[in-house]
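> Quick check, what structure comes out for this input:
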Amino acid sequence: MDLSTTYMGLKLKNPIIHSASPLSQSIDNVKAMEDAGAAAVVVYSLFEEQITHESGELDHYLTNGTESYQEAVTYFPEQDKFYLAPHKYIDHIANLKKAVDIPVIGSLNGVSKGGWIKYAQSIEQAGADGIELNVYYVPTNSNMTSAEVENMYIDVLKEVKKNVKIPVAIKLSPFFTSTSNMAKKLDDAGADALVLFNRFYQPDFDLEKLEVVPNLMLSTNWEMRLPLRWTAILYGHVKASLAATSGIHTHQDIIKVIMAGSDVAMIASEFLLKGIGRTRELIEGIKRWMEENEYPSIQMMKGSMSQKSVAEPAAFERANYMKMLQSFKTQA
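Predicted coordinates for the structure are as follows:
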């Protein structure tokens, strides 16, 4: 079985990528990913807030109290705490590149066109094979238009592309008014890959303390329906590679997103739940299914169940919608 695929110009031995998660904070974990058969890894994200906070903190220590006497050394932080989190991240990328042979993809998470974008160059210089740009933004300002939100994504992508030569993927939100049009705009702006989709973590209320609290829940299988649908719609209509993520837990899930048109499946929750060794089981499951169904290669499967051949995808979606409701009524 030929499981090889190409993602944003990178030749991969199979379609399984470990998406950004705490697992990639350890070099030993990433080595284990490679040993288990993972094709690539997206390293946990470096956040815009980390960069702007650390640089602001450094500026404070270097300038605050400059009018005081020169012996006032207590203005500086203790030596063991005097490091920048962004620099630590860059070092981690460099160390991972020395430790493993699989592609290592850095992840930048931010929303504005600030100086933090220049860290894309540092990630490239550290040896990263690509960058995943995660624009995580919830527009709560009622005066902000949809066009302004879209331009934020496009401007950040263009700015990063301007600073690096390695391929750049961008992770989309599923909440654009016209996802197809937004995908095309990002494609036209030079995105090497589109990652479908970002998960927006919803907060919860603590009724005892009357506080808003974070509520992290790992993905479930039904969440895969959204990236599956949009991958099938976008396949063949954009030049960028497509990566499906969210809700992918089994080898059948991986096969489905490939048949929809995805080049790779990005997985995190399944590995957080069942361990890095689960990668090996997924690969064996894909091979077994391909052999049973006489598919000699991933390439032959790719896009075979997409909407590329449908003249009007919206009409196809409408027909599926009506068929689904009628089938439920029949069962009832």
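
> Run the chain-centre distance for the helix or strand containing residue 183.
Per DSSP states H and E, residue 183 falls inside helix 179-188. Put simply, helix 179-188 sits 17 Å off its chain's centre (C-alpha atoms, centre = their mean, to the nearest Å).

> For the chain, which element, helix or strand, carries the lowest mean pLDDT?
Lowest on mean pLDDT, DSSP states H and E among the helices and strands of the chain sits helix 48-63, with a mean of 50.

> What helices and strands are in contact with the helix or strand following that helix?
Following helix 48-63 in sequence order, the next helix or strand is helix 85-99 (DSSP H and E). Contact here means 3 or more C-beta pairs under 8 Å, 6 or more residues apart in numbering; DSSP states H and E; on that basis helix 85-99 packs against helix 27-36, strand 46-47, helix 48-63, strand 104-109, helix 119-125. (Glycine included, C-beta is placed from N, CA and C.)

> any idea how far the shortest one is from the chain center?
Here the centre of mass of C-alpha atoms in strand 46-47, compared against the chain's by C-alpha atoms, centre = their mean, lies 13 Å away.

> What are the buried residues along the helix holding residue 183?
179, 182-187 (16 or more other C-beta atoms under 10 Å).

> again with stretch 284-302
Neighbour-count burial for stretch 284-302 flags 285-286, 289-290, 295, 298, 301-302 (criterion: 16+ other C-beta under 10 Å).

> how long is it end to end?
Chord length of stretch 284-302, first to last residue, is 18 Å (C-alpha to C-alpha, to the nearest Å).

> And stretch 171-189, by the same measure?
One end of stretch 171-189 sits 14 Å from the other (C-alpha to C-alpha).

> residues in contact with that stretch?
By C-beta atoms under 8 Å, 6 or more residues apart in numbering, the residues outside stretch 171-189 that reach it are 132-135, 137, 146, 149-150, 153-154, 157-158, 161, 170, 194-198, 200, 226, 230, 233-234, 237-240, 245.

> Give me the below-cutoff pLDDT ranges for the stretch 101-250 of the chain.
Counting by pLDDT under 70, the stretch 101-250 of the chain has low-confidence residues at 115, 200-202, 215-216.

> Now do the helices in it.
According to DSSP state H, counting those that start in this stretch, the stretch 101-250 of the chain carries its helices in the segments 119-125, 146-163, 179-188, 225-234.

> Quick check: which of these is buried the most?
Ranked by mean neighbour count, these are led by helix 225-234 with a mean of 22 (mean count of other C-beta atoms under 10 Å).

> From the rest of the structure, what touches that one?
With C-beta under 8 Å, 6+ apart as the contact definition, helix 225-234 has outside contacts at 174, 179-180, 183, 194, 196-197, 242, 244-247, 256-257, 260-262, 305-307, 313, 317.

> where's the residue nearest to residue 50 when sequence neighbours are not counted relative to residue 119, distance?
Among residues not flanking residue 50 along the chain, residue 85 sits closest, at 4.8 Å (C-beta to C-beta, 6 or more residues apart in numbering). From residue 85 across to residue 119, the span is 11 Å (C-beta to C-beta, to the nearest Å).
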